[in-house]
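**Student:** 3D model of this:
(one chain, ligands or ions: 1)
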Amino acid sequence: MQFIDLQAQRARIETEINTAIQGVVESGRYVMGPEVFELEKQLGAYSEASHVISCANGTEAIALPLMAWELKPRQAVFCPSFTFVATAQVVPWLGAVPVFIDIDPVTYNMCPKSLEAAIEAIKADGQLTPSVVIAVDLFGQPANYPEIAAIARKHDLKLIADTAQGFGCTLDGKHPLHWADVATTSFFPAKPLGCYGDGGAVLTNDAALGELVESLRVYGKVTPTDAAERNFNHDPKYLSLRVGMNSRLDTIQAAVLLEKLKIFDDENDKRQTVAERYADGLKDHVLSVPKVIEGGRSVWAQYVIEHENRDGLQAHLQAAGIPSAVYYPVPIHMQDFAEHFPTAPAGLPVTEAKSKTVIALPMHPYLDEESQTRVIDAVRGFNG
Ligand SMILES: Cc1ncc(COP(=O)(O)O)c(C=O)c1O
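**Tutor:** Predicted structure coming up:
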C-alpha cells in the first residue's frame, strides 16, 4: 500500500501526460513556453484570480509577494508554527522576523485569538512593526479566513494564504484569495495538485502586485508599467530594475499540470469519499478524526487522526504493512533555526500538544475500499 499513490493517478492519464510532455520536448520551448501561460490562465479561472504568476516552487511563491512588498528587517510576519518549515523560512530570508501563532485545536489552522494577542503584544513591545499575516490551509482545509482577514484589516496588515496543501479548498464556496491579498501554492508531486518535479504559483487580484511579482520572478525585469512610465532609449529586455530571482516554472511541468487540472475536481471528490469512509470507521476508536471548519471543503492533502499513543500506533501500522507519517513532530518554533523568534504571548500550547498526537494515514483519490478497510481495521486493532 502507498501513502500517496502517484502511479495510480499516472495510470489513469498516462497517455495524455506522455503526449503533453512529448509535445513540449518537440516544441523546444522549455522555458516560458505557451503551456506556462495557458496554465496561469486556467488556474486563474479555477480560483477566481485575475493574476496568476507560476514560479519554481511553493517556497518562492511565498517569498515573491514578500519581496514585492519590500519586507525589511524589524518587520514582523505572523504565521503558524504547525506547518511545513517553508512557510516561516522565507521571512528571515528577507531579514524580517516570523512571529509564531498557536493553532485551533479542532482544525489545526491558525487561531485568530492567538493572532490578535500576538499582534497586540508586538505593537506594545515596540521593537518590531507588524506587517504581514501568513495563514496556512493545513492538511487541505481552509483557514478561518473571515476572522483572520478581519484582524489583518483592523491592524493594516497584508494577508497571504499559503494554500500549498489546500489549493482547491473553499470556505462558503469561495477560494482563500477571496479574503487574502495573495494566495500561494506548491505543485510538489505529493500535493493535491502536483507536477512531476518542483513548481508553484502566486495568485492575486491586485494588478500592481501581480506585475511586480512577475518582474521579480525574472530578475526584476522591466514591467509594462515601468516601460510606460520611463523612456528607455534601448531594448529594456536585459534591464533589471529591482533585485529579483529566477523562479520560473518549467514548461514541461506546466504541460503536466494542464492535464492534471482536468481531473482535479474529480480527484477531490474521490478524496472526500475516502475521508468520509475513514471517519465512519474510526471516529469511535481514536482521540479524534479530522473536522473541517463549518462551510469549508478540504482537498485532503493529508488525513490526520490523533492517538494518545501515536508512536505505538505508528509502529503497529508499520508492522501491518501500512505506511503513515507524522506532520509535524517538531513545531517550527522549537527548531534550531527558529528558536530565537518570538511566539504569541500565551505560547503555543495547542501546537506543542498536537505535535505529540497527530498521525497521517494513507490518503489519495485511488485508495480502494479494500485498502481502506485494512487501514481502519489495523487502527482499530491497536490496543496501545
Ligand atoms: C504549507 C506549505 N507551505 C509551503 C510549502 C513549500 O512548497 P515547495 O516544497 O513547493 O517549495 C509546502 C510544501 O512543501 C507546504 O506544505
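**Student:** next, the buried residues of stretch 30-37.
**Tutor:** 32-33, 35-36 (16 or more other CB atoms under 10 Å). To be clear about C-beta, it is placed using only N, CA and C from the backbone, and glycine gets the same treatment.
**Student:** er, stretch 318-333 actually
**Tutor:** 322, 324-328, 331-333.
**Student:** with just CA atoms, put that stretch into PDB.
**Tutor:** Coordinates of each C-alpha in stretch 318-333 appear next as PDB, following Å, rounded to 0.1, in the frame of the first residue of the first chain:
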ATOM      1  CA  GLN A 318       4.200  -0.300  10.100                       C
ATOM      2  CA  ALA A 319       4.200  -4.000  11.300                       C
ATOM      3  CA  ALA A 320       0.900  -4.400   9.400                       C
ATOM      4  CA  GLY A 321       2.500  -3.000   6.200                       C
ATOM      5  CA  ILE A 322       0.600   0.300   6.400                       C
ATOM      6  CA  PRO A 323       2.500   3.400   5.800                       C
ATOM      7  CA  SER A 324       1.800   6.500   7.900                       C
ATOM      8  CA  ALA A 325       3.500   9.900   8.500                       C
ATOM      9  CA  VAL A 326       3.800  12.400  11.300                       C
ATOM     10  CA  TYR A 327       3.200  16.100  10.300                       C
ATOM     11  CA  TYR A 328       4.700  17.700  12.200                       C
ATOM     12  CA  PRO A 329       6.700  16.100  15.000                       C
ATOM     13  CA  VAL A 330       8.700  19.300  15.900                       C
ATOM     14  CA  PRO A 331       6.800  22.600  15.600                       C
ATOM     15  CA  ILE A 332       8.800  25.300  13.800                       C
ATOM     16  CA  HIS A 333       9.300  27.500  16.900                       C
END
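**Student:** what's in contact with it?
**Tutor:** For stretch 318-333, the surrounding residues in contact (CB atoms under 8 Å, 6 or more residues apart in numbering) are 1-3, 81-85, 87-88, 98, 100, 139, 302, 304, 310, 313-314, 317, 338-339, 341, 343, 348, 351-352, 355, 358-362, 374-375, 378, 381.
**Student:** phi and psi next, for the residue nearest in space to the middle of the chain.
**Tutor:** With distances taken as CA atoms, centre = their mean, residue 164 lies nearest the centre of the chain, 1.7 Å away. Taking degrees, to the nearest 10, you get phi -50, psi -40 for the backbone angles of residue 164.
**Student:** from here on, call the first residue 53.
**Tutor:** Taking 53 as the first residue, the last one we looked at is residue 216.
**Student:** contacting residues for it?
**Tutor:** Residue 216 neighbours (CB under 8 Å, 6+ apart): 110, 113, 136, 138-139, 188-189, 236-238, 240, 243, 252.
**Student:** do that again at 10 Å, thanks
**Tutor:** Residue 216 is in contact with 109-111, 113-114, 135-136, 138-139, 188-190, 235-240, 243-244, 252, 353, counting by CB atoms under 10 Å, 6 or more residues apart in numbering.
**Student:** and residue 224, by the same measure?
**Tutor:** 194, 197-198, 230, 345-349.
**Student:** for this structure, which helix or strand comes out least confident on mean pLDDT?
**Tutor:** Least confident element among the helices and strands of the chain, by mean pLDDT, DSSP states H and E: helix 276-281 (a mean of 92).
**Student:** who are the packing partners of the next helix or strand after it?
**Tutor:** Once the chain leaves helix 276-281, the next helix or strand it forms, by DSSP states H and E, is helix 303-334. For helix 303-334, the elements it packs on are helix 58-79, helix 86-99, strand 103-107, strand 355-358, strand 410-413, helix 421-432, judged by 3 or more CB pairs under 10 Å, 6 or more residues apart in numbering; DSSP states H and E.
**Student:** right, and these - which one's nearest the ligand?
**Tutor:** Nearest of the helices and strands packed on helix 303-334 to the ligand, taken as CB to the nearest ligand atom: strand 103-107 at 9.3 Å.
**Student:** now do the helices in the stretch 103-252 of the chain.
**Tutor:** Counting by DSSP state H, counting those that start in this stretch, the stretch 103-252 of the chain has these helices, from start to end: 110-120, 138-145, 164-177, 197-206.
**Student:** tell me the most buried of these?
**Tutor:** helix 110-120 (a mean of 26; mean count of other CB atoms under 10 Å).
**Student:** hmm, back to that, can you flag the buried ones in the contacts of stretch 370-385?
**Tutor:** So, by 16+ other CB under 10 Å, the buried ones in the contacts of stretch 370-385 are 55, 133-136, 139-140, 150, 152, 191, 354, 356, 362, 365-366, 369, 390, 393, 395, 400, 403-404, 407, 410-414, 426-427, 430.
**Student:** before we move on, back to that, any idea how far residue 114 is from the residue nearest to the centre of the chain?
**Tutor:** Distance of residue 216 to residue 114, computed by CB to CB, to the nearest Å: 8 Å.
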